[in-house]
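S.K.: Structure of the sequence below:
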Amino acid sequence: MTEQLTEEFDAEDFLEVVYGSREGWIDLPARVGNYWVPFYTSWPNEGAVTRRIDSSLRDREDLYYSVAQFAERGRAIQHVLPSRWLWADLDEVHPTEGARLGLQPTIAIESSPGRYQALWRLTKELNPRDLERVNRGLSYALGADRGGWDLTQVLRIPGTRNWKYPGGPAVRLMWHNDSLVYKASYVWDKVREFVPTGELRSVIGGGLEKKPITARAKALLRTKPDEVVEGERSARLWELECLLAEAGLGEDDIYDLVSVSVWHKWRGQSSGAARLAADIRKAITKVRREKYADKTKERDLDRGRPQDADSGSGDGSSPESADHGGDRLPFIGFSSFMAMVVEEPKWMIRNWWVAGSQGIIGGEPKTQKTTLAMAMAMAVASGKDFLNEFTVGDPGPVLMVQEENAPWLIQDRLRKLGHWMGVVTSRGVRTREAGRGALGRSSMEVEFGEDLPLRILNNFGFDLAIEEHRDMLEAEVESLRPKLLILDPLYLILGTANENTGAELRPFLKWLLGLRYEYNCAVQVIHHMRKQQQNGPVVRAGQRLMGNAILHGWVDSAVYTALVDETARLTPGDPWLHTKAETEFRSMPPQRPFELYSRIGLPGALGIEVRCEEFDLTALIRNIVREAGTDGITAIELGKQLGLDRRTILSRVRGAPAELGFVIREGARGRGKSHRLFLDSELNGHE
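M.R.: Coordinates of the predicted model:
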């Protein structure tokens with residue numbers, strides 16, 4: 001049996017052998033001091049992988065790879081794809097020990113002097129559950145690291161350097177023999193006997209010694225519903241799972257006990273079983289790693305050498321970094337940072353909201369904030385243009401939590417918007433006379449042609465301060481994977497928290513920011529703004545948000561609405577509500593505002609129309625000056641009406657085309673000058 005030459009393989013070649021042409025996500029994390037810096041990228045992506053390897057070598061970073069591939073970005077165990085590879089972190093066990101079991105590794109690696117890792121190729125892919133069971137048995141049979149077999153494990157890449165040791169010795173490929181391929185059933189027959197009987201049922205057993213369940217765990221299991229303290233459910237659930245894992249119970253046994261206890265906070269939810277199982281796996285993994293870390297420290301102290309870290313933990317952390325210890329912060333080199341594949345920003349709705357960003361729709365009372373948010377929701381959920389004009393660049397599911405408006409109002413607005421946007425046609429509408437006392441003259445029944453991925457929680461009493469509510473919302477986000485989450489309005493979902501106090505607001509804003517990054521979901525909060533003070537200084541729209549100033553600092557995208565005219569007359573008939581909408585983006589230069597004209601029919605009717613134009617300040621100034629007639633209006637008075645400084649008014653008037661007919665007359669005002677504005681058409685004949 002001839003082994004292939006190893007000198008011709010570099011790091012990129014090795015990864016191509018492991019991953020082949022199968023598409024998926026991988027992680028190439030680097031260890032910096034006692035911290036881990038992940039690097040998620042899709043495979044194949046040769047450019048990104050090469051840059052990552054080169055930059056890590058230049059910056060002397062310890063580089064690793066995830067043996068498994070993942071269905072989604074990240075390294076979560078629930079997203080592991082089936083694999084043809086088994087692996088083991090052998091520590092000091094030489095790879096040739098595999099021959100004793102008839103399992104000579106397909107690939108053998110020296111990760112540091114006298115320490116090894118190995119991989120075995122299978123004839124076909126194994127599903128994650130079976131893969132994990134066989135992988136564990138293989139590590140047990142070889143006497144390898146019992147913490148190095150889990151599906152999210154990372155190992156060192158041949159062709160890189162191990163900077164844990166002086167001089168950074170090479171991570172060396174000892175051999176790659178592609179003729180060594182094994183049937184999974186053959187491997188399992190060889191290693192099965194080495195797995196303790198009590199662990200065979202569990203997907204993740206953890207390799208922990210069985211011992212009696214502690215009195216504390218028994219007390220938690222016996223807890224009655226009326227003994228649960230509000231806000232402690234999550235902490236007690238985690239404590240119970242860890243205590244049972246420490247007792248050596250496997251996943252199935254822990255699930256059977258915890259699922260019927262009062263601490264199962266996801267009971268009744270569609271994804272509750274999966275979330276509980278995932279939480280139990282995390283607890284078992286945590287306990288197993290702590291046990292392994294303790295044994296490793298004892299072993300290394302006995303041998304008089306520092307603890308080794310040739311392999312990475314499955315969740316990208318390590319025992320040392322779990323308590324934020326260590327002597328280095330996780331800085332990475334410039335070239336490594338620039339080599340990272342970062343998703344480029346894009347519009348969720350062109351010119352209105354950046355995809356995956358957090359922010360606020362703020363506005364003065366009765367300026368259609370909620371209607372605007374619902375129009376965004378329907379546009380994103382349907383993929384149709386927002387306001388029939390602005391392209392949706394990132395369509396998908398939407399979740400909306402609404403606490404301020406009655407169900408009939410939300411349903412009525414959604415009907416109107418759906419009809420106006422073309423989500424429902426006139427053929428799907430049936431009209432009947434409204435009953436006695438109705439607000440409108442008619443009532444509509446609407447049949448929507450297709451269901452939209454838009455879910456609404458209306459008047460539930462949702463409260464961000466209640467831990468169970470946050471957990472349930474996150475469960476929906478995790479299940480639906482929405483592109484947009486809307487929370488309306490902020491003041492009704494904060495519980496007893498004071499929106500004027502930064503210390504009380506900050507935990508909720510941080511939690512929402514975590515949702516945004518964890519699930520790549522835009523978060524949109526509806527909030528009220530103060531009106532511009534008539535005699536006060538001109539204040540930017542974002543600085544007029546009610547509450548603490550950190551709200552404005554938190555936003556990445558924002559829309560601010562303000563009333564211009566409640567009874568604008570664009571066409572005969574009902575008056576139009578004229579508002580100004582200013583947008584603000586952290587990643588974009590200032591944009592020109594929009595003028596929104598909206599006309600909404602009576603309840604029960606389908607009439608709604610919105611016109612959107614770029615905000616024309618000069619035209620607005622001219623309209624106000626014209627209405628002032630021969631008396632004119634001072635620049636100061638006009639500025640107060642528009643919430644603008646008089647210098648802005650004068651600059652716009654002086655720069656206006658001559659045909660608009662502006663006239664500025666200067667007069668004395670204290671120590672300075674006053675400026676009164678007229679139109680020459682109004683002055684003719686009135687000199």
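
S.K.: Phi first, then psi, for the residue nearest to residue 95 when sequence neighbours are not counted.
M.R.: Leaving aside its sequence neighbours, residue 95 sits nearest to residue 108 (C-beta to C-beta, 6 or more residues apart in numbering; 3.7 Å). C-betas here are computed from N, CA, C, even on glycine. When quoted as degrees, to the nearest 10, the phi and psi of residue 108 stand at phi -120, psi 140.

S.K.: Residue 108 contacts residue 171, correct?
M.R.: No: look at residue 108 against residue 171 with C-beta atoms under 8 Å: they stay out of range, at 11.9 Å.

S.K.: Let me know how buried the closest residue to residue 495 other than its chain neighbours is, in neighbour terms.
M.R.: Of all residues not flanking residue 495 in the chain, residue 465 sits nearest, at 3.1 Å (C-beta to C-beta, 6+ apart). Residue 465 has 15 neighbours, counted by other C-beta atoms under 10 Å.

S.K.: check which helix or strand covers residue 465.
M.R.: Following DSSP states H and E, there is no helix or strand that holds residue 465.

S.K.: In this structure it contacts residue 496, no?
M.R.: Yes: using C-beta under 8 Å, residue 465 is in contact with residue 496, at 6.6 Å.

S.K.: Quickly list the domain ranges of this protein.
M.R.: 11-195, 206-309, 347-559, 618-683 (automatic domain parsing).

S.K.: Turn those into JSON lines, including distance to residue 609 and mean pLDDT.
M.R.: Shown next, in JSON lines, are the domains of the chain (distance: least, C-beta to C-beta, whole Å; pLDDT from 0 to 100):
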{"stretch": "domain 11-195", "distance to residue 609": "41", "mean pLDDT": "89"}
{"stretch": "domain 206-309", "distance to residue 609": "38", "mean pLDDT": "76"}
{"stretch": "domain 347-559", "distance to residue 609": "7", "mean pLDDT": "86"}
{"stretch": "domain 618-683", "distance to residue 609": "21", "mean pLDDT": "81"}
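
S.K.: Looking at the ones you listed, which is nearest to residue 612?
M.R.: Residue 612 lies closest to domain 347-559 among those, at 5.1 Å (C-beta to C-beta).

S.K.: Tell me how far the closest one lies from the chain's centre.
M.R.: Put simply, domain 347-559 sits 17 Å off its chain's centre (C-alpha atoms, centre = their mean, to the nearest Å).

S.K.: Same question for stretch 90-102.
M.R.: Centroid displacement of stretch 90-102 relative to its chain, using C-alpha atoms, centre = their mean, is 43 Å.

S.K.: how long is that stretch from one end to the other?
M.R.: Chord length of stretch 90-102, first to last residue, is 16 Å (C-alpha to C-alpha, to the nearest Å).

S.K.: what does it rub up against?
M.R.: The contact list for stretch 90-102, computed with C-beta atoms under 8 Å, 6 or more residues apart in numbering, reads 104-105, 108, 114-118, 120, 141-145, 174, 190-191, 308, 310.

S.K.: Could you tell me which residues within it count as buried?
M.R.: 90, 91, 93, 95, 97, 98 (16 or more other C-beta atoms under 10 Å).

S.K.: quick one: which of those residues is nearest to residue 260?
M.R.: residue 91 (40.2 Å).

S.K.: now the closest one, which residues is it bridged with?
M.R.: Note on residue 91: beta-bridge partners by DSSP bridges are residue 116.

S.K.: swap in residue 176?
M.R.: Bridge pairing for residue 176 - DSSP bridges - gives residue 4, residue 107.

S.K.: count of neighbours near residue 635?
M.R.: Quick note: residue 635 (other C-beta under 10 Å) scores 21 neighbours.

S.K.: Now do the contacts for it.
M.R.: Residue 635 neighbours (C-beta under 8 Å, 6+ apart): 646, 649, 650, 653, 674, 675, 676, 677.

S.K.: Is the third one in a helix, a strand, or coil?
M.R.: Translated: residue 650. Following DSSP: H, G, I helix; E, B strand; the rest coil, the label given to residue 650 is helix.

S.K.: Identify the spatial nearest neighbour of it, chain neighbours not counted.
M.R.: Of all residues not flanking residue 650 in the chain, residue 635 sits nearest, at 5.4 Å (C-beta to C-beta, 6+ apart).

S.K.: on that earlier part again, the residue nearest to residue 95: neighbouring residues, count only.
M.R.: Neighbour count of residue 108, defined by other C-beta under 10 Å: 24.

S.K.: Look up how far residue 150 lies from it.
M.R.: Distance check for residue 108 against residue 150: by C-beta to C-beta, to the nearest Å, it reads 21 Å.

S.K.: Also residue 604?
M.R.: 59 Å.

S.K.: Neighbour count for the two, which is higher?
M.R.: Counted by other C-beta under 10 Å, residue 604 and residue 150 do not tie: residue 150 has more neighbours, with 23 against 20.

S.K.: Could you grab the helix/strand/coil label for that one?
M.R.: At residue 150 the chain is in coil, as set by three-state DSSP.

S.K.: you'd agree it is up against residue 284?
M.R.: No: assessed by C-beta under 8 Å, residue 150 is found out of contact with residue 284, at 9.8 Å.

S.K.: For the buried residues of stretch 90-102, please prepare TSV with the additional fields distance to residue 279.
M.R.: TSV is the format used below for those (distance: C-beta to C-beta, whole Å):
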residue	distance to residue 279
90	31
91	30
93	33
95	36
97	36
98	35
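
S.K.: how about these, which pair is most distant?
M.R.: Spatially, the most separated pair among the buried residues of stretch 90-102 is 91 and 98, at 13.9 Å (C-beta to C-beta).

S.K.: Please tabulate the domains of the chain in TSV, including the columns distance to residue 565.
M.R.: Listed next are the domains of the chain as TSV, based on distance: least, C-beta to C-beta, whole Å:
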stretch	distance to residue 565
domain 11-195	47
domain 206-309	47
domain 347-559	12
domain 618-683	9
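
S.K.: and residue 611, which of the ones you listed is closest to it?
M.R.: Comparing the domains of the chain under C-beta to C-beta, the one sitting nearest is domain 347-559, at 8.6 Å.

S.K.: that older thread, buried ones only from the contacts of stretch 90-102, please, as a ChimeraX command.
M.R.: To isolate the buried ones among those in ChimeraX, judged by 16+ other C-beta under 10 Å, type:
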select :104,105,108,115,116,117,118,120,141,142,144,145,174,190,191,308,310
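
S.K.: The contacts of stretch 90-102 in helices, which ones?
M.R.: Using DSSP state H, 141, 142, 190, 191 are the members of those that sit in helices.

S.K.: which one of those sits closest to residue 262?
M.R.: The closest of those, once distances to residue 262 are taken by C-beta to C-beta, is residue 191, at 39.7 Å.

S.K.: Next, count neighbours for the nearest residue to that closest one once chain neighbours are set aside.
M.R.: Among residues not flanking residue 191 along the chain, residue 137 sits closest, at 3.6 Å (C-beta to C-beta, 6+ apart). Number of residues near residue 137 (other C-beta under 10 Å) recorded here: 23.

S.K.: Neighbours of residue 507, how many?
M.R.: Residues within reach of residue 507, counting by other C-beta under 10 Å, total 12.

S.K.: for the one 5 residues further on, same thing?
M.R.: Residue neighbour count, defined by other C-beta under 10 Å, stands at 19 for residue 512.

S.K.: what does residue 456 give?
M.R.: Neighbours of residue 456 under the rule other C-beta under 10 Å: 17.

S.K.: Now do the same for it: helix, strand or coil?
M.R.: Assigned by three-state DSSP, the conformation of residue 456 is strand.

S.K.: Who are the contact partners of it?
M.R.: Going by C-beta under 8 Å, 6+ apart, residue 456 touches 400, 402, 410.
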